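[1] Using only what follows, build the 3D model:
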Amino acid sequence: MIRYEDLTICDNFLFQKVMKNKRLCKRTLELLLGIRIRYIKYPEEEKVINVRIDSKSVRLDVYVDDADGTVYNLEMQTVKDMEELVRRTRYYHSLIDIDLLEKGQDYSALNNVYVIFICNFGIFSGDLHKYTFVKTCMENPSLMLGDGTVTMFLSTKGTANDIPLPLKHFLDYVDGQPPADDFIREIDNEVMMAKRREDWRREYMTLNILIAREKKKSEEQGRVIGRNEGIAIGRTEGLAEATMNSIRAVMQSLNYSAEKAMETLNIPKSEYGRYMQLL
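    From the prediction side, this is the model:
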């Protein structure tokens, strides 16, 4: 567990807390998108989407909308698995659309939606800092579908001269470099203030105690079941069952998606598919 005082803006927990500052969140979105936003609002304190009881719930890191109704979902990503991340953006777009569209409404009522992932690693095997995706016609690339969805990936490891300097300063800060302008210093000050919040420290500690408890319970259950079986297969199945219980507990307690719960429990990504089939 990373000590609370050692957290950086890269950590999801701290990033969410800093982005609760409406002015900083608005300015950050303007910086990332290169647009002006009149104002933003937070529809809910913590946005959790669960369309059906038996479907995966998704807890969105930063979820706001603006004066025009455009919805922005902003996420910090630190685990490099581009195939999973790309498909996760697809899932987020789908769930946000279902959540936005009230029963009986026409599809034209759907809001424009941006899903934005900030990554502290290289992406798409390229040297760009920013990759923005909209749907276009393969036969006529100049023809845009115009369905109102935008997916954006930003990388702190880009080397190209492809973004304005203020955005470069922001990505450098996310990458661990000192603040290079007044706005980034404001964010850094907010980070320092967040670290002095005892209620947030307790929340962070409680979260990590829960995670540690579930991991320990998983290991103990695995050993007991494996010992009772007395064979390697029994141990393997016991560990799998105990791990499943831990995943479910974290999902239920923290409103995490299955992927986020497994990431939190440090389960190898190579095993995600196996557990997803059992959920």
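
[2] Closest to the centroid, which residue in this structure?
    Centroid check for the chain by C-alpha atoms, centre = their mean gives E75 as the closest residue, at 3.9 Å.

[3] Okay, and that one sits in which element?
    Per DSSP states H and E, E75 falls inside strand 71-77.

[4] now the closest residue to E102 other than its chain neighbours: how far from T264?
    In this structure, E102 finds its nearest non-sequential neighbour in A109, 7.8 Å apart by C-beta to C-beta, 6 or more residues apart in numbering. For glycine as for every other residue, the C-beta is placed from the backbone atoms N, C-alpha and C. From A109 over to T264 the distance is 35 Å, taken as C-beta to C-beta, to the nearest Å.

[5] Tell me which residues are up against stretch 170-184.
    Contact with stretch 170-184 is made by 8-10, 27-28, 31-32, 76, 118, 120, 129, 154-158, 163, 166, 169, 185, 187-188, as judged by C-beta atoms under 8 Å, 6 or more residues apart in numbering.

[6] in that stretch, what counts as buried?
    Residues of stretch 170-184 classed as buried: 170-174, 179, 183-184 (neighbour count, 16 or more other C-beta atoms under 10 Å).

[7] and that stretch, C-alpha only, in CSV?
    What follows is stretch 170-184 as a C-alpha-only set of coordinates in CSV (Å, rounded to 0.1, in the frame of the first residue of the first chain):
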residue,chain,number,x,y,z
PHE,A,170,0.1,19.3,-17.2
LEU,A,171,1.1,15.9,-18.6
ASP,A,172,4.7,16.5,-17.3
TYR,A,173,3.2,17.1,-13.9
VAL,A,174,1.2,13.9,-14.1
ASP,A,175,4.5,12.2,-15.0
GLY,A,176,6.1,13.3,-11.8
GLN,A,177,7.9,16.5,-12.9
PRO,A,178,7.6,19.8,-10.8
PRO,A,179,4.9,22.3,-11.7
ALA,A,180,6.0,24.5,-14.6
ASP,A,181,3.3,27.2,-14.6
ASP,A,182,0.7,28.9,-12.4
PHE,A,183,-2.2,26.6,-13.2
ILE,A,184,-0.1,23.5,-12.5
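
[8] I'd like the numbering to begin with 688 instead of 1 from here.
    That works, and once the first residue is 688, the last one we named lands at stretch 857-871.

[9] Strands of the stretch 788-937 of the chain, residue ranges please.
    For the stretch 788-937 of the chain, applying DSSP state E, counting those that start in this stretch gives strands covering 800-806, 817-820, 836-842.

[10] would you list the ones you listed in TSV and tack on mean neighbour count, mean pLDDT and distance to K956?
    Formatted as TSV, the strands of the stretch 788-937 of the chain follow (neighbours: other C-beta atoms under 10 Å; pLDDT from 0 to 100; distance: least, C-beta to C-beta, whole Å):
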stretch	mean neighbour count	mean pLDDT	distance to K956
strand 800-806	22	94	15
strand 817-820	16	96	22
strand 836-842	21	96	18
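
[11] Identify the residues contacting the closest residue to K709 other than its chain neighbours.
    Of all residues not flanking K709 in the chain, I727 sits nearest, at 6.3 Å (C-beta to C-beta, 6+ apart). Residues near I727 by C-beta under 8 Å, 6+ apart: 709, 712-713, 716, 751-753, 759.

[12] Look up phi and psi at I727.
    phi -130, psi 160 (degrees, to the nearest 10).

[13] Roughly how far does L716 sit from I722?
    8 Å.

[14] higher neighbour count, the two?
    Ranked by neighbour count (other C-beta atoms under 10 Å), L716 and I722 place L716 first, with 21 against 10.

[15] Check which element follows the helix or strand harbouring that one along the chain.
    Using DSSP H and E, L716 sits within helix 709-720. Later in the chain than helix 709-720, the nearest helix or strand by DSSP H and E is strand 727-728.

[16] Tell me how many other residues crowd K767.
    The number of residues packed near K767 is 13, by other C-beta under 10 Å.

[17] Now for the closest residue to it other than its chain neighbours, how many residues are close by?
    Distance criterion C-beta to C-beta, 6+ apart; nearest residue to K767, sequence neighbours excluded, is F808 at 4.5 Å. Other residues lying near F808 total 14 when counted by other C-beta under 10 Å.

[18] pretty sure F808 contacts M769?
    No: F808 is not in contact with M769 according to C-beta atoms under 8 Å; the separation is 9.2 Å.
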